[in-house]
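Colleague: fold the following.
(one chain, ligands or ions: 2)
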Amino acid sequence: MKDVISIGLDFGSDSVRAIAVECKSGYEIASEVINYPRWKKNLYCNSVKNIFRHHPLDYIESMEQAIIAVVQKLGEKSQQIVSIGVDSTASTPAPIDQDGNVLALRPEFADNPNAMFVLWKDHSSIKEAEKINQHCQQEEYARYLDTCGGIYSSEWFWAKIMHIFKEDEKVKQAAASWVELCDWVPSLLSGTNAPQNIKRGRCAAGHKSLWSEKWDGLPPYEFFQDLDSNLVKHLPYPLFTDTYTADIPVGKITPEWAKRLGLSKDVIISGGAFDCHMGAIGAGAKPYSLVEVIGTSTCVILVADKDRIEDNIVQGICGQVDGSVIPDYIGLEAGQSAFGDVYAWYQRLLSWPLEQLKKELPDNQEVIKQVENNLLNSLTEHWYKNIDLDHLPITLDWFNGRRTPNANQRLKGTLTGITLGTDTATLFGSLIVSTACGARAIMECFTNQNVPVNSIIAIGGISKKSPIIMQTCADVMNRSIEICESEQCCALGAAIVAAVAAGIYTSIPEAQKTMASPISTIFTPDPNRSKQYQTIYEQYVQWSEVSEPQYNQSAL
Ligand SMILES: Nc1ncnc2c1ncn2[C@@H]1O[C@H](COP(=O)(O)OP(=O)(O)O)[C@@H](O)[C@H]1O
Ligand SMILES: O=C(CO)[C@@H](O)[C@@H](O)COP(=O)(O)O
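Modeller: Ligands and ions are numbered 1, 2, ... in the order given. Purely as a prediction, here's the structure:
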């Protein structure tokens, strides 16, 4: 095999990561992480209203900086780069014009959040998602939810388009199409971003856009016409027809991008997919490994054989799609809408007096900042050192709604069992346990529906940052959890797929054998703790059942 390198790009919620991987060994030679500058300033967001938008320039500028930095770190070796693979958060779609420009790139829309990418965690389209679910109650349309777990979520493509079109006449008039971020980046780099040229990825189309081979593509014209006529009046029908697995190249890099990034003009751009799907590839997932990407939220992927799963409609997950992870296997997706974000909320809450102190004691800014930054680790350690599961409040982890099991973004976090004796660290411990219970509920959603979970692999920021949280997950789930060595498994997966697209390997499983991350640590459950957590989990389930009806529509 030639000495070649592929690049994996991972567009996360806060930053983009680029890594360069040696194809013959899987060795990660160089990497760079760049934060999105506008997002960092909190622009175009309103968390109270659940609005979270990303400006396309945040993606473009950060990607450019990240790749250039990696190319510089590689020096002469950068000429060995043969391909680039892309993954991103999802569903994160944006409106584009006839030339494939996201509308916010045009001067008249430059500061209009509705003309930007609608980030996965933007839940402003709850009503539209409910409308889709109601629409699919009709017998002739019910099957279209079969491949997305039986419930359409406000985190997804069509609900977001319906919402923006309702909100913004100008965007509605100007949009020639809509595209998922993971499909747009490869199309941009390969100059195939005009709507009719975009190669839509199987992953995004199948999990979020109701596309399936079972009904020859998207649902019929009448489905959209009856749902919301804007979708066929202002957008072409069908929006797209064919879809492609990520190992199929979308094209070569354009000469302009090659020059801008310092790359060869022969670099192949592979198809895009969601972060967690690429993460499962990077983690070396085999059929029936449950791969948990644990960060701001969790995204959970399980790959299954077609024979075993095709006619088994798994309810309450985020879809089952042929080829969304590995061609010819079914990729099943699930997840929690908040995991690390729950801890981040507590950190923000506790930081309020510290923020006041910073103003009052400007000379002590640095020390106070250090305390803030170390808050999560010190709370975790303090809780664990003094752990008392008999007096643990039960918390429901639905701070950003519930993605799985059974998507319901109207739900909210619930704290129960607080007493005058509940201290700061114990309350934080209850947040940790609640997120672990949410992860267990997802695992049981699979196993209760005859989808075996043979092993659990964790990747993502928290899997590396917090051994205590990972041990707690193992104890609550009563399963061993393997942690990957790679710090950037999603980007690694994108690099693996890019190596296949460039013809370096014949298939993703073949490439995984050499390039996927090894396991570095295994957390095994403590039998005594697991027993205690069994009782706590049962209480979590009881509180879930009691609490869910309180968040019905009229209560909001
Ligand atoms: N020491 C820690 N313990 C627990 N959670 C942490 C810690 N440090 C960061 N986090 C949480 O991790 C999340 C970020 O995860 P990460 O995987 O790095 O990013 P992303 O989800 O954007 O890919 C944030 O929600 C943050 O609150
Ligand atoms: O929902 C998906 C994929 O479908 C993820 O992109 C989403 O959870 C975002 O992941 P992060 O928590 O930012 O890593």
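Colleague: for Ser270, what are phi and psi?
Modeller: phi -90, psi 170 (degrees, to the nearest 10).
Colleague: contact residues of the protein facing ligand 1?
Modeller: 12-14, 295-296, 340-341, 343-344, 376-377, 380, 460-462, 465-466, 469 (Cβ under 6 Å from any ligand atom). C-beta coordinates here come from the backbone N, C-alpha and C atoms, glycine included.
Colleague: the residues you listed: which ones sit near ligand 2?
Modeller: Okay, of the residues of the chain next to ligand 1 touching ligand 2 (Cβ under 6 Å from any ligand atom), that's Gly12, Ser13, Gly295, Thr296.
Colleague: can you name the residue of the stretch 401-550 of the chain nearest ligand 1?
Modeller: Nearest residue of the stretch 401-550 of the chain to ligand 1, counting by Cβ to the nearest ligand atom: Gly461, 2.4 Å away.
Colleague: what sits against that residue?
Modeller: Residues counted as contacts of Gly461 (Cβ atoms under 8 Å, 6 or more residues apart in numbering) are Ile294, Gly295, Gly340.
Colleague: how about Gly12?
Modeller: Thr89, Asp275, Gly295, Thr296, Cys490.
Colleague: give me the buried subset of those.
Modeller: Neighbour-count burial within those applies to Thr89, Asp275, Gly295, Thr296, Cys490; the criterion is 16 or more other Cβ atoms under 10 Å.
Colleague: just those now: which is nearest ligand 1?
Modeller: Gly295 (2.4 Å).
Colleague: next one, pLDDT for the closest one please.
Modeller: For Gly295, the pLDDT comes out at 94.
Colleague: how close does the residue nearest the centre of the chain sit to Glu167?
Modeller: Centre of the chain computed as the mean C-alpha position; nearest residue by Cα atoms, centre = their mean is Thr89, 4.1 Å away. According to Cβ to Cβ, to the nearest Å, Thr89 and Glu167 sit 22 Å apart.
Colleague: buried ones in the longest helix along the chain?
Modeller: The longest helix of the chain (DSSP state H) is helix 424-447. For helix 424-447, the neighbour count (16+ other Cβ under 10 Å) marks 425-443, 445-446 as buried.
Colleague: what's the answer for stretch 358-375, then?
Modeller: For stretch 358-375, a neighbour-count test (16+ other Cβ under 10 Å) marks Lys358, Ile368, Glu372, Leu375 as buried.
Colleague: between the host helix or strand of the last one and helix 424-447, how big is the angle?
Modeller: Leu375 is part of helix 365-385, with elements assigned from DSSP states H and E. Between the axes of helix 365-385 and helix 424-447, defined by axes from the mean of the first three to the mean of the last three Cα atoms, to 10 degrees, the angle is 60 degrees.
Colleague: list of residues touching helix 365-385?
Modeller: 343, 346-347, 350-351, 354, 357-358, 361, 424-426, 428-429, 432, 466, 468-469.
Colleague: do I have it right that the residue nearest to the centre of the chain meets Trp120?
Modeller: Yes - the pair Thr89 / Trp120 is scored as a contact, 4.7 Å apart, by Cβ atoms under 8 Å.
Colleague: still on that earlier bit, among the residues of the chain next to ligand 1, which ones are buried?
Modeller: By neighbour count, with 16+ other Cβ under 10 Å, these hold 12-13, 295-296, 340-341, 343, 376, 380, 460, 462, 465-466, 469 as buried.
Colleague: next, the buried residues of the helix or strand bottoming out on mean pLDDT in the chain.
Modeller: Least confident helix or strand of the chain, by mean pLDDT, DSSP states H and E, is helix 306-309 with a mean of 91. Neighbour-count burial for helix 306-309 flags Ile309 (criterion: 16+ other Cβ under 10 Å).
Colleague: try stretch 203-217
Modeller: By 16+ other Cβ under 10 Å, the buried positions in stretch 203-217 come out as Cys203, Ala204, Ala205, Gly206, His207, Lys208, Ser209, Leu210, Trp211, Ser212, Gly217.
Colleague: ok so, going back, run the chain-centre distance for the helix holding Leu375.
Modeller: What separates the centre of helix 365-385 from the centre of its chain is 27 Å, taken as Cα atoms, centre = their mean, to the nearest Å.
Colleague: for the record, mean pLDDT for the helix or strand following that helix?
Modeller: Next along the chain after helix 365-385, taking DSSP H and E as the criterion, comes strand 394-396. Strand 394-396 carries an average pLDDT of 98.
Colleague: one more: stretch 268-283?
Modeller: Stretch 268-283 shows an average pLDDT of 98 in the prediction.
Colleague: how about that stretch, does it reach ligand 2?
Modeller: Yes - if you take Cβ under 6 Å from any ligand atom as the test, stretch 268-283 does meet ligand 2, through Phe274, Asp275, Cys276.
Colleague: and the end-to-end length of that stretch?
Modeller: Using Cα to Cα, to the nearest Å, one end of stretch 268-283 lies 23 Å from the other.
Colleague: chain center to that stretch: distance?
Modeller: Put simply, stretch 268-283 sits 11 Å off its chain's centre (Cα atoms, centre = their mean).
Colleague: enumerate the residues of the protein near ligand 2.
Modeller: 12-13, 89-90, 120, 274-276, 293, 295-297, 299, 335.
Colleague: redo that, cut-off 5 Å
Modeller: Counting by Cβ under 5 Å from any ligand atom, the chain comes close to ligand 2 at Gly12, Ser13, Thr89, Ala90, Trp120, Phe274, Asp275, Gly295, Thr296, Ser297, Cys299.
Colleague: can you redo these as a markdown table with distance to Ala66?
Modeller: Converted to a markdown table, the residues of the chain next to ligand 2 look like this (distance: Cβ to Cβ, whole Å):
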| residue | distance to Ala66 |
| --- | --- |
| Gly12 | 11 |
| Ser13 | 15 |
| Thr89 | 16 |
| Ala90 | 20 |
| Trp120 | 20 |
| Phe274 | 19 |
| Asp275 | 15 |
| Gly295 | 18 |
| Thr296 | 19 |
| Ser297 | 22 |
| Cys299 | 21 |
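Colleague: which ones among these map onto helices?
Modeller: Members of those lying in helices (criterion: DSSP H): Asp275.
Colleague: for the residues of the chain next to ligand 2, which one is nearest Val541?
Modeller: Val541 lies nearest to Ser297 out of the residues of the chain next to ligand 2, by Cβ to Cβ, at 21.0 Å.
Colleague: go ahead and confirm the closest one touches Val342.
Modeller: No - using Cβ under 8 Å, Ser297 is not in contact with Val342; the gap is 9.6 Å.
Colleague: can you give me the strands for the stretch 201-350 of the chain?
Modeller: Using DSSP state E, counting those that start in this stretch, the strands of the stretch 201-350 of the chain run over 249-252, 268-274, 289-294, 298-305, 320-322, 329-336.
Colleague: which parts of the fourth one are buried?
Modeller: Read it as strand 298-305. Buried residues in strand 298-305, defined by neighbour count with 16+ other Cβ under 10 Å: Thr298, Cys299, Val300, Ile301, Leu302, Val303, Ala304.
Colleague: which non-adjacent residue is nearest the closest residue to ligand 2 within the stretch 301-450 of the chain?
Modeller: Proximity to ligand 2, evaluated over the stretch 301-450 of the chain using Cβ to the nearest ligand atom, is greatest for Gly335 at 5.4 Å. Distance criterion Cβ to Cβ, 6 or more residues apart in numbering; nearest residue to Gly335, sequence neighbours excluded, is Cys299 at 4.1 Å.
Colleague: noted, bye for now.
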